[in-house]
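**Q** build me a structure from this.
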Amino acid sequence: MRLLWTATLLATSVSAQTWQDLGPAPISGPYTGRVAAVATSRDKSNADLWYIGGADGGVWKTTDAGVTWTPIGDHLPTTAVGALCVDPKNDQILYVGMGEANFANHSRYGLGLAKTVNGGKTWELYGRDTFAGRAFSRIAIDPGDSNVLYASITTAGGFPALSAARGHPGARGPLGLFQSTDAGKSWTQLGSGIPTNLSATDCAVEPTNGKIVYVAFGHIFGDSRNGIYKSTDAGKTFAKLTNGLPSSSVGRITIAIAPSRPSRLYASLVRVTSSTGGGASTLGVYRSDDAGASWTPTRSVSYQSSYGWYLCTSVVDPNNPDRVLIGGYQMLRSTNAGSSWITRTPPHVDLHALEYDAKGRLVCGDDGGVHVSGNHGDSWTSPSGFGLIQFYAGLSLHPTNATTIYGGTQDNGTNMRTSGRAWQHVLGGDGGYTAVDNTGTRVFAEYQGTGNLFVSVNNGSYRRSSSGISGRNCFLPPFEIDPSNALHMIYGTHRVFESTNGGSSWSAISNDLTGGGAIRGLAIARDGKTMYTISNDGLVYVTEDGRNWRRSRTGVPGWYRTTRPFAIDPNDPKRCWLAVGWFGVDQVLYTSDAGRTWTSLDGDLPDQPVHCVGIVTGQGKPYVLFAGAETGVWRTTDFGKTWELYGDGLPNAPVIDLRVDEPRKRIVVGTQGRGAWQVDLLPRDEQGPKPVIK
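**A** Next up, the predicted model:
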């Protein structure tokens, strides 16, 4: 039985080769990638100590208020972070709740709780069996007893639900509020008066009375049990707070307590979302002045656009209970307890974390990174020096300039590497696939949605290049340039579209190749006729003449966003490798007959989602196959019988795209959460010790 990857990977790599960080850190802006959690020291003498958690970028620490940063969690089981909590009595004790509780397709599952007692030098791992496959929305500590902790737990995200869990066997495990009385070592689910199988989107402990605990249940698709619950006996029993709060159309909920007046609470409520992620606008912001016994709506505001399931955070000024800030698509501030609001959005929209430090500075985590204000949002600074960029599939390498790399990123557009870790923004939106023709003169990029494809010629401005394209999309549709003909391209919606004039016009060359979804991956062989597609509902199709398509495989699970799962032998289009980004299935498949049959090459590869594959051709010897997976890049030189982790120094972030660059003897990868990296290609027979997995 293959070992399930659920714990720390203590690996010696295939050699002493070291991965090189290519950034972006930052993108011109400057933007550094999505921050899901922030925690600051409560010690005024150490107020410059902050911790941040990247959505998929791991844990980072600064001791000089953001001037310099150090990654301290790169070898934790996962770099997906949902919650951070500093012990108020000892700021070297940090709890990390793994798994991002923001419900998007890229809000990845967690693998338990990590704890450090020395500021990140060493770590202990707890709660794997209790929490793996789900996500932490909040961790709270009893102010009088640091051994007592509370954790609110949600499902991993996605539309359809749970797609971000990628089939993890713990994805459907217990949800709700959990308590630890031994500083995180063991956990008990609380259930008297509260749901035990519903996502808990927030929790809080009264800052002067540890017996008073609040928990918010905010299932984003709606549930009659959604609401705010209160305990006055340290979690033994709870009662639902209903006086003045809405009882219907309630989705995600966030709560905030005023530290200087603990009887003052604010609650932000989001409308129920649709099955496709729409409609989740602000339902209302409510205030209680009597510890939750009754609630009053504040002046009507809307700050979450239509996706409040993804964006809902709030904080109260520690010294002023009337000053409250709420974050969603925008950030709003009230200085009169919600009677009026003004916009105070930081330099990047989409807010996920708000925290005051011991000096009264507001530290904000958003899709662009960290932004800091010393005047409650009137002005902002943008610390950089760290990289949390989430690349999507679709990296492209310039044919004549090894430095130049293009890639699309989550909510930070399409970007071009210019030198070192510096990247330049070239196209907005959520950046997706990119491609450079073999002359290096034409560069293609896109943003989300069908037909939002653009081309730049000779470093000029980008112009639309999608005439004739239509159909259902996979958020960021895949496209490819024929490797032997720069004017020949293919593009996937629910059909395959073809251009023979370099993207000036397109026409469909297939019928619907999905089961109602969209194409999430495609590839074209060097013969210009053999093509492979896979849809987000699990169908694989192949054509060998560019026109007649046959179904090759069904039921292939995978992430619902676009991927680059195929690698075709440049010398034989019938030979193709397929990556499957899911737990508990064959994750590396191979065909030698253009998809008529498929063989698993998983061998001793640990059971983990594989997102992309790349090959070095045989040339009389076995192929060398590389797999970009949840734990880095793996290599096999014996056709999948044995696998070894490749290279040292790559953070434990999922590798979402992989390009084998044989002419330059390197591999370039894009990670979901830690930017782009490269490493040298080793001689075929140079191998090292096997990884050790605990």
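**Q** number of residues surrounding P77?
**A** Using other CB atoms under 10 Å, P77 has 23 neighbouring residues. Where you see a C-beta, it was placed from the backbone N, CA and C, and this is true even at glycine.
**Q** hmm, I was thinking of E498
**A** Quick note: E498 (other CB under 10 Å) scores 20 neighbours.
**Q** in its sheet, what does the one helix or strand it maps to sit against?
**A** For E498, the host element (DSSP states H and E) is strand 496-499. The strands beside strand 496-499 in its sheet (DSSP bridges) come out as strand 489-492 (antiparallel), strand 507-508 (antiparallel).
**Q** what distance separates it from the centre of its chain?
**A** Taking CA atoms, centre = their mean, to the nearest Å, one finds strand 496-499 lying 30 Å from the centre of the chain it belongs to.
**Q** now the helices for the chain?
**A** 128-131 (DSSP state H).
**Q** would you list the strands paired with strand 496-499 in JSON lines and tack on mean pLDDT, mean neighbour count and distance to D482?
**A** Shown next, in JSON lines, are the strands paired with strand 496-499 (pLDDT from 0 to 100; neighbours: other CB atoms under 10 Å; distance: least, CB to CB, whole Å):
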{"stretch": "strand 489-492", "mean pLDDT": "98", "mean neighbour count": "27", "distance to D482": "7"}
{"stretch": "strand 507-508", "mean pLDDT": "98", "mean neighbour count": "14", "distance to D482": "15"}
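**Q** list just the one of the ones you listed that sits closest to A523.
**A** Closest to A523 of the strands paired with strand 496-499 is strand 489-492 (CB to CB; 8.7 Å).
**Q** quick one: that closest one to chain centroid distance?
**A** For strand 489-492, the distance to the chain centre is 26 Å (CA atoms, centre = their mean).
**Q** cool, stretch 251-263 as well?
**A** How far stretch 251-263 lies from its chain's middle: 27 Å, per CA atoms, centre = their mean.
**Q** which of the residues in it are buried?
**A** Neighbour-count burial for stretch 251-263 flags 251-259, 262 (criterion: 16 or more other CB atoms under 10 Å).
**Q** can you get me a residue count around A37?
**A** With other CB under 10 Å as criterion, A37 counts 28.
**Q** whoops, D233 was the one
**A** If we define neighbours as other CB under 10 Å, then D233 has 11 of them.
**Q** now for A37: which residues touch it?
**A** 52-53, 81-84, 97, 352-353, 365 (CB atoms under 8 Å, 6 or more residues apart in numbering).
**Q** of the residues you listed - the most surrounded one?
**A** Result: V81 is most packed of the contacts of A37 (other CB under 10 Å), 34 neighbours.
**Q** okay, and the beta partners of it?
**A** With DSSP bridges as the rule, V81 is bridged to M98.
**Q** wait, doesn't it sit right on M98?
**A** Yes. Counting by CB atoms under 8 Å, M98 is a contact partner of V81 at 6.4 Å.
**Q** and the residue nearest to A629 when sequence neighbours are not counted, how far from L198?
**A** Nearest residue to A629, sequence neighbours excluded (CB to CB, 6 or more residues apart in numbering): V610, at 4.7 Å. For V610, the distance to L198 (CB to CB, to the nearest Å) stands at 32 Å.
**Q** settle it for me: which of those two has more neighbours?
**A** A count of neighbours by other CB under 10 Å puts V610 above the other of V610 and L198, at 27 against 18.
**Q** and that one, what does it touch?
**A** Neighbours of V610 in contact, by CB under 8 Å, 6+ apart: 579-581, 587-588, 627-629.
**Q** who wins for neighbours among the residues you listed?
**A** G628 leads the contacts of V610 on contacts (other CB under 10 Å) with 31 neighbours.
**Q** tell me the pLDDT of the residue positioned nearest the centre of the chain.
**A** Centroid check for the chain by CA atoms, centre = their mean gives H106 as the closest residue, at 3.9 Å. Looking at H106, its pLDDT stands at 93.
**Q** what does R495 give?
**A** Value listed for R495 in the pLDDT field: 98.
**Q** quick one: neighbours of it, just the number.
**A** 21.
**Q** how about the contacts of A37 in JSON lines, adding pLDDT and distance to P606?
**A** Listed next are the contacts of A37 as JSON lines, based on pLDDT from 0 to 100; distance: CB to CB, whole Å:
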{"residue": "I52", "pLDDT": "98", "distance to P606": "29"}
{"residue": "G53", "pLDDT": "98", "distance to P606": "25"}
{"residue": "V81", "pLDDT": "98", "distance to P606": "22"}
{"residue": "G82", "pLDDT": "98", "distance to P606": "23"}
{"residue": "A83", "pLDDT": "98", "distance to P606": "26"}
{"residue": "L84", "pLDDT": "98", "distance to P606": "27"}
{"residue": "G97", "pLDDT": "98", "distance to P606": "23"}
{"residue": "H352", "pLDDT": "98", "distance to P606": "30"}
{"residue": "A353", "pLDDT": "98", "distance to P606": "32"}
{"residue": "G365", "pLDDT": "98", "distance to P606": "31"}
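**Q** which of those lies closest to N452?
**A** Nearest to N452 among the contacts of A37, with distances taken as CB to CB, is H352, at 25.2 Å.
**Q** show me the shaky parts of the protein.
**A** 1-16, 618-620, 684-694 (pLDDT under 70).
**Q** okay, domains of this structure per the record?
**A** According to automatic domain parsing, the chain comprises the domains 25-373, 396-693.
**Q** could I get the ones you listed as a markdown table with distance to T18?
**A** Output for those, formatted as a markdown table (distance: least, CB to CB, whole Å):
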| stretch | distance to T18 |
| --- | --- |
| domain 25-373 | 13 |
| domain 396-693 | 5 |
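**Q** out of those, which comes closest to G387?
**A** Between these, domain 25-373 lies closest to G387; by CB to CB that is 3.5 Å.
**Q** check the offset of the closest one from the chain's centre.
**A** 16 Å.
**Q** so how far does stretch 168-176 reach from one end to the other?
**A** 18 Å (CA to CA, to the nearest Å).
**Q** next one: stretch 477-490
**A** 11 Å.
**Q** one more: stretch 629-649?
**A** End-to-end distance for stretch 629-649: 15 Å, by CA to CA.
**Q** and for S306, the neighbour number?
**A** By the criterion of other CB under 10 Å, S306 has 17 neighbours.
**Q** how about it, what does it touch?
**A** 278-281.
**Q** mark which of those are buried, thanks.
**A** By 16+ other CB under 10 Å, the contacts of S306 give 279-281 as buried.
**Q** distance to E662 added to those residues, as TSV?
**A** As requested, the buried ones among the contacts of S306 are exported to TSV (distance: CB to CB, whole Å):
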residue	distance to E662
G279	48
A280	46
S281	50
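**Q** what's the burial count for the closest residue to D289 other than its chain neighbours?
**A** Distances taken as CB to CB, 6+ apart put R264 closest to D289, at 5.8 Å, once the chain neighbours are dropped. Other residues near R264 come to 20 when the count uses other CB under 10 Å.
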